[in-house]
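> Give me the fold of what follows.
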Amino acid sequence: MTVQDIRSFNRFYTNVIGALDYGRHLYAPYTLTESRVLYELAHSPRTDAADLRAQLSLDSGYLSRILNKFERDGLVGRAPSEKDPRRRRITLTARGRDAAGLLDERARETVGSLLATVAPADRARLAEALHTVRTILGDGRAPGREDVVLREPGPGDLGWIVQRNAALYAAEYGWNTDYEGLVARIVADFAEDHDPHLERVWIAEVDGRPVGCVMCVRDDAPGTARLRLLLVEPDVRGLGIGDRLVGAVVDFARGVGYRELVLWTNDVLAAARRLYQRHGFALVSERPHRSFGADLLGQDWRLDLHGARE
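Numbering: from 1, shown residues only. Model prediction:
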């Protein structure tokens, strides 16, 4: 392996994905760097400018010019960070979310078209090769918070939500297939009939692997959204994934105009309950019940989205 080998591969791959062809519809009217900034903002709803600069290794002046342009175009809003008033928190506006969604859709179509040219028998080999490159050039380090991506679900992800909920809750709490049936109905209802402007699913991904999920759906009560099916895989807990997933739901629900956000959980899910409390949810009722083959204490939690913010 020589330097020239890697440079040659870099030239080959940037041509394959069209990274340098700004005239294509993939990025227009944004540059590749601007598109990446939009992507990070869309998948990290609580981003400070300093964190964004460090994550993307961008010059502070260059990033500032990009954010100024986005603000003029109505794509982002800036406010003092809740963690440190000296820092600036960047959030996407509704127009910014639409722009990021369009770019993400174009990227998915482009990569899907590229993958369609790969014979099914070669796809596992390609996936393994990509994993090998990431592992070697990543120095074998464990995933960090910066490796976590929140994205919309792709083909197969809704099935993954059902499978992982069933397997994980059976392994950790001994719940039976009644819970799998409940999750399957929730996911099927979303897949068959949901309003994309008012309801959404997030998949947390690390190194191309789904590792978490959450849903925001309309509740029966007017002006109310419901948080459902929060899950984080055991091997990536500690990376703040649950916090980001709950934060994404809260920000989304508030941004589209819901008045309150509710959820139902059980007292045995202690880590999840701490997350809900940290985001301002209040316990409103408790009731013992027998479900999923276990004696449980069900809890209803509520967050006033017009009240105090995080």
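> Strand partners (parallel or antiparallel) of the helix or strand of the chain with the lowest mean pLDDT?
Of all helical and strand segments in the chain, the minimum by mean pLDDT, DSSP states H and E falls on strand 47-48, at a mean of 76. Next to strand 47-48 in the sheet, as set by DSSP bridges, lie strand 88-92 (antiparallel).
> so which strand or helix has residue 203?
For residue 203, the host element (DSSP states H and E) is strand 200-206.
> Check residue 179 too.
With DSSP H and E as criterion, residue 179 is part of helix 177-192.
> Helices of the stretch 101-250 of the chain, residue ranges please.
Secondary structure of the stretch 101-250 of the chain (DSSP state H, counting those that start in this stretch): helices at 120-137, 157-173, 177-192, 241-255.
> what sits against the residue nearest to residue 39 when sequence neighbours are not counted?
Once flanking residues are discounted, residue 39 sits nearest to residue 100: 6.4 Å by CB to CB, 6 or more residues apart in numbering. Heads up, the C-betas are built off the backbone N, CA and C, glycines and all. Going by CB atoms under 8 Å, 6 or more residues apart in numbering, residue 100 touches 38, 39, 41, 42, 92.
> picking up where we left off before, tell me the buried residues in the helix holding residue 179?
Within helix 177-192, the residues scored as buried using 16 or more other CB atoms under 10 Å are 179, 180, 182, 183, 184, 186, 187, 190.
> out of these, which one sits closest to residue 131?
Taking CB to CB as the measure, residue 131 lies nearest residue 187 of these, at 27.7 Å.
> Spit out the contact partners of that closest one.
By CB under 8 Å, 6+ apart, residue 187 lies in contact with 158, 159, 161, 162, 229.
> which ones are touching the closest residue to the third one other than its chain neighbours?
I take that to be residue 161. Residue nearest to residue 161 in three dimensions, not counting chain neighbours: residue 213, with 5.0 Å by CB to CB, 6+ apart. Taking CB under 8 Å, 6+ apart, we find residue 213 in contact with 153, 157, 160-161, 164, 201-204, 229-231, 245.
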